[in-house]
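> no sequence on this one, just coordinates:
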């Protein structure tokens, strides 16, 4: 609430006085009731999980160090049995805001899936995507801005109080024109954030289940992406007490590069803030090797020409999915993959070691867009996924094929406190 602003807006980097939000988040997390008191008439209360377990008896917690699954905007190749196979307790997706003009939010695929996940006891993260790649962003006092806020309201009507975390923006600096990075972008998202904050306070009063984060920053391992606009982004997040942190998307060529993201953002956050990592991968490393010649042993075993390239093998798998063993042999015999097969495990450990990770989410399944027209210049996102559902043949009983190494490490990284039913503590509005 606005009365907290003076308490919260302290300098970062110093061990200053403890804020009211920090005290509530840490000291009272296990005592706060779950859900939001909706002053509009409805309230969320504890119910039963799909297995009949009484969720209202579980302690509410502040998200800290959790690892979940991510479907981005396309949940079509994912189902809840896949999440159960992973022992995942958290799920993330994003909604492209223009779709709200065509589809009621509760029926939009990403939101619909997350609402269903909420009902099944998953912790959920919804990111708002505003695609302005091919047109200028509206000024904050324009009719186009009013139209955007009207779309936001529709999404909030459906998801606020149900989603555990709302990320304001998806990848704002990628999803906009460079000319808008000199003030317009920041003003736009600050307007959206203040609107969301006001909505939450008006609708839910002093406490709500849905926590607010500013959406994802990209390419922070590159100095040219650490700009006045990203500084302003982090300053706004730090100085706005209702914002509980920021999201980052470290798609990198080396695990060391993700540390550059942390080194940049963490000193700029308040002591009581955390960070999200709703996307992360070594996709840039995979891409560096698409034109490599395949391992000689793999070529001999599967009777392929010795000069076959990596991308050609992947394309074959996208057109005619391999048996599980052949796909595993391809990856395990390729040094560029085998030497990084525990990337997921190692990366999550680095995020958790900061003590400030809220939730990280990793790609669930291969999507049709990843495999369409696969070639040497296509970003090989399909190598990241926890299920190799479009490059590997189904297992016995139609079970989706698991990825090599990443699937097992993901399961091993799940902690008891992150399993369903996830019950997050209310946060002050």
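Happy to help now that I have it. In this text, all values refer to a predicted model and were calculated from it rather than measured experimentally. Residues are numbered from 1 along each chain as shown.
> Lowest-scoring secondary structure element of the chain by mean pLDDT?
The weakest-scoring helix or strand in the chain, judged by mean pLDDT, DSSP states H and E, is helix 5-8 (a mean of 32).
> what's the span of stretch 174-183, first residue to last?
In stretch 174-183, first residue to last residue: 15 Å (CA to CA, to the nearest Å).
> So what touches it?
129-137, 173, 185, 188, 218, 227-229 (CB atoms under 8 Å, 6 or more residues apart in numbering). From N, CA and C alone the C-beta is placed, and that goes for glycine too.
> of all those residues, which comes closest to residue 352?
Taking CB to CB as the measure, residue 352 lies nearest residue 218 of the contacts of stretch 174-183, at 21.8 Å.
> Now for that closest one: which residues touch it?
Counted by CB under 8 Å, 6+ apart, residue 218 has contacts 171, 173-174, 225, 248-249, 251.
> Let's see that with 6 Å instead.
171, 174, 249 (CB atoms under 6 Å, 6 or more residues apart in numbering).
> Closest to residue 297 out of the contacts of stretch 174-183?
residue 218 (37.1 Å).
> follow-up on the earlier one: of the contacts of stretch 174-183, select the buried ones using a PyMOL command.
In PyMOL, a selection of the buried entries from the contacts of stretch 174-183 looks like this (16 or more other CB atoms under 10 Å):
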select buried, resi 129+130+132+137+173+185+188+218+229
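> Just the contacts of stretch 174-183: which are in helices?
Taking DSSP state H as the definition of helices, these contribute 185, 188, 228-229.
> In a markdown table, list these along with pLDDT.
Below are these laid out as a markdown table (pLDDT from 0 to 100):
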| residue | pLDDT |
| --- | --- |
| 185 | 98 |
| 188 | 98 |
| 228 | 98 |
| 229 | 98 |
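> Might one say that residue 113 is in contact with residue 76?
No - in terms of CB atoms under 6 Å, residue 113 does not count as a neighbour of residue 76; the distance is 9.3 Å.
> Mind checking which of those two has more residues around it?
residue 113 (20 against 12; other CB atoms under 10 Å).
> where's the more buried one, which helix or strand?
Assessed by DSSP states H and E, residue 113 sits inside helix 109-119.
> Touching that helix from outside, list them.
In contact with helix 109-119 (CB under 6 Å, 6+ apart) are residues 73, 75, 91, 93, 95, 105, 124, 126, 158, 162.
> nearest to residue 243, of these?
Distance to residue 243 across the contacts of helix 109-119 (CB to CB) is lowest for residue 126, with 15.6 Å.
> nearest residue to the closest one other than its sequence neighbours?
Leaving aside its chain neighbours, residue 126 sits nearest to residue 163 (4.5 Å; criterion: CB to CB, 6 or more residues apart in numbering).
> Wasn't the one you found part of a strand?
No - counting by DSSP: H, G, I helix; E, B strand; the rest coil, residue 163 is not part of a strand but coil.
> Contact partners for it?
124, 126, 210.
> What residues sit buried inside the helix holding residue 113?
Neighbour-count burial for helix 109-119 [16+ other CB under 10 Å]: 109-115, 117-118.
> do the same with stretch 189-201
189-193, 195-197, 199-201.
> Now do that stretch: everything it contacts.
140, 149, 156, 168-169, 208, 236, 242, 429.
> if you set the cut-off to 7 Å instead, what comes out?
Stretch 189-201 has contacts (CB atoms under 7 Å, 6 or more residues apart in numbering) with 1, 140, 145, 149, 152-153, 156, 160, 166, 168-169, 172, 208, 210, 212, 214, 236, 240, 242-243, 429.
> Filter the residues you listed down to the buried ones.
140, 145, 152-153, 156, 160, 166, 168-169, 172, 208, 210, 212, 214, 236, 240, 242-243, 429.
> Just the residues you listed: which are in strands?
Among those, the members found in strands (DSSP state E) are 166, 168, 208, 212, 214, 243.
> so can I have CSV of those residues showing pLDDT and distance to residue 393?
Formatted as CSV, those follow (pLDDT from 0 to 100; distance: CB to CB, whole Å):
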residue, pLDDT, distance to residue 393
166, 98, 39
168, 98, 41
208, 96, 46
212, 98, 43
214, 98, 42
243, 98, 46
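> circling back: with the contacts of helix 109-119 in mind, which one is nearest to residue 286?
residue 73 (21.5 Å).
> what's near enough to touch the most centrally placed residue in the chain?
Nearest to the mean C-alpha position of the chain, counting by CA atoms, centre = their mean, stands residue 278 at 2.0 Å. By CB under 7 Å, 6+ apart, the contact list for residue 278 reads 70, 92, 125, 127, 167, 216, 247, 249, 361.
> list the contacts for residue 289?
Residue 289 neighbours (CB under 7 Å, 6+ apart): 310, 336.
> And it, how far from residue 185?
Separation of residue 289 from residue 185 (CB to CB, to the nearest Å) stands at 34 Å.
> And for residue 308?
On the measure of CB to CB, residue 308 and residue 185 end up 44 Å apart.
> And residue 195, by the same measure?
16 Å.
> Equivalent analysis for residue 146, please.
Taking CB to CB, one finds residue 146 at 18 Å from residue 185.
> Kindly report the same for residue 307.
Following CB to CB, the distance that separates residue 307 from residue 185 is 46 Å.
> Next: residue 266.
The value you get for residue 266 to residue 185, if CB to CB is used, is 23 Å.
> Kindly report the same for residue 254.
Taking CB to CB, one finds residue 254 at 29 Å from residue 185.
> Repeat that for residue 428.
28 Å.
> tell me the helices in the stretch 301-429 of the chain, going along the chain?
310-319, 324-332, 335-338, 343-353, 368-371, 406-413 (DSSP state H, counting those that start in this stretch).
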